[in-house]
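# sequence plus predicted model, see below.
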Amino acid sequence: MKTVRFWPTPDRGGLGLFANQSFLPGETLGYYEADSNSVYVNNSHDPNAEMVFDREQHLWYLRAIKVIKRGKEITIQYQHPAPIPERCLCKAKNCSGWIGVK
């Protein structure tokens, strides 16, 4: 499995996940136990990855949905509704400015 690495993202106020190698669409970037709180994948309205749940193994897989070049931040689009909307800092062209608002 290829590797990813956590790096600070000061422009987004915290940590981010960055690719140590390039990934093609459909490749698995990593997997995490379902109850893990240690995954720092930032939101984007133009994501390059997605989280996929494997019910049999009880694991979350992080999978590329676009080409991700080495050094690029890995992002997903948060799908949960937020009880209190949060400001989005993703800077994507289609960003609504909010997380958890449809």
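That came in fine, so what should we check first? Numbering: from 1, shown residues only.
# low-confidence regions, the protein specifically.
Low-confidence segments of the chain (pLDDT under 70): 1-14, 33-39, 82, 101-102.
# gap between Asn42 and Cys88?
10 Å (C-beta to C-beta, to the nearest Å). Quick note: C-beta positions are derived from backbone N, CA and C, even for glycine.
# then Leu29?
Leu29 is 22 Å from Cys88, by C-beta to C-beta.
# and the residue located most distally from the centre of the chain, how far is that from Ile84?
Centroid-distance maximum for the chain: Glu56 at 22.3 Å, with C-alpha atoms, centre = their mean. Glu56 sits at a distance of 35 Å from Ile84 (criterion: C-beta to C-beta).
# quick one: the strands in the chain?
Using DSSP state E, the strands assigned to the chain run over residues 4-9, 14-19, 28-33, 42-43, 49-54, 59-64, 73-76, 86-87, 98-99.
# how about those in CSV, adding mean neighbour count?
Formatted as CSV, the strands of the chain follow (neighbours: other C-beta atoms under 10 Å):
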stretch, mean neighbour count
strand 4-9, 14
strand 14-19, 16
strand 28-33, 16
strand 42-43, 20
strand 49-54, 16
strand 59-64, 18
strand 73-76, 21
strand 86-87, 10
strand 98-99, 16
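# in this model Met51 seems to touch Ile65, though I could be wrong.
No: using C-beta atoms under 8 Å, Ile65 makes no contact with Met51, being 10.6 Å away.
# wait, Glu86 sits on His80?
No: with contact defined as C-beta under 8 Å, Glu86 does not count as touching His80 (10.8 Å).
# shared neighbours of those two, anything?
Gly100 (C-beta atoms under 8 Å, 6 or more residues apart in numbering).
# any idea how far Leu89 lies from Leu62?
Distance from Leu89 to Leu62, by C-beta to C-beta: 20 Å.
# actually, Arg55.
In terms of C-beta to C-beta, Arg55 sits 16 Å off from Leu62.
# buried set for stretch 84-93?
Under the neighbour-count criterion of 16 or more other C-beta atoms under 10 Å, stretch 84-93 has Cys88, Leu89, Cys90 buried.
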